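**Q** My questions concern the predicted model and sequence given below.
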Amino acid sequence: MALKVELKPNERIIIGTAVVRNCDQRTSLIIEGNAPILREKDILSPKSADSPAKLIYLTIQLMYIDGKVSENIGLYNKFVTDFQKAVPSSTKILMAIHNHILNGEFYKALKEAKQLLAYERKLFEHAARNSSVQQDPDSCPQPARA
């Protein structure tokens, strides 16, 4: 079955291990075959993997694009274990991702990992809202004196 992909001007896409960049016009590609395909909006660079969920996403992306599952699965398992210990409420999402990994469905695992990224972002936003640092020392409560 063929996949039709519309590319915006200068948009990139990974097909197999090759990066294809569109020129300055909108274009369509019809891709036939079973090569891994990842649009630019779904690509995470190693430099951008600056959070635990992004590290999980990046290792899945590497397994999907490179096909080197055995070389990346140990790192993936470590990141997932650490994340689950830190955020037990993420277990349902992590299990869904892991089921796709076990079935060799890496693109589906990446889609599920996007939910993990959104969940992590919500946790960070919640933490930022609830951690108000008081800058005025006079507004800090003083200990009671005996």
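**A** Looks like it arrived, so ask away.

**Q** from here on, contacts and neighbour counts on C-alpha atoms
**A** OK.

**Q** where along this structure do the strands fall?
**A** Secondary structure of the chain (DSSP state E): strands located at 3-7, 12-15, 18-21, 27-31, 37-39.

**Q** So for the shortest one, mean pLDDT?
**A** Just to be clear, that refers to strand 37-39. Computed over strand 37-39, the mean pLDDT rounds to 93.

**Q** can you check the third one too?
**A** Averaging pLDDT along strand 18-21 gives 92.

**Q** again, but for the first one
**A** Summarised as a single mean, pLDDT over strand 3-7 is 91.

**Q** contact partners of that strand?
**A** 22, 26-32 (Cα atoms under 8 Å, 6 or more residues apart in numbering).

**Q** what's the pLDDT at residue 95?
**A** 97.

**Q** That one and residue 81: what is the separation?
**A** Residue 95 is 11 Å from residue 81, where distance means Cα to Cα, to the nearest Å.

**Q** Low-confidence ranges, this protein, go.
**A** Within the chain, the stretches with pLDDT under 70 are 132-146.

**Q** OK, contacts around the spatially most central residue of the chain?
**A** What sits nearest the mean C-alpha location of the chain, by Cα atoms, centre = their mean, is residue 57, with 3.4 Å. Taking Cα under 8 Å, 6+ apart, we find residue 57 in contact with 44, 110, 113-114.
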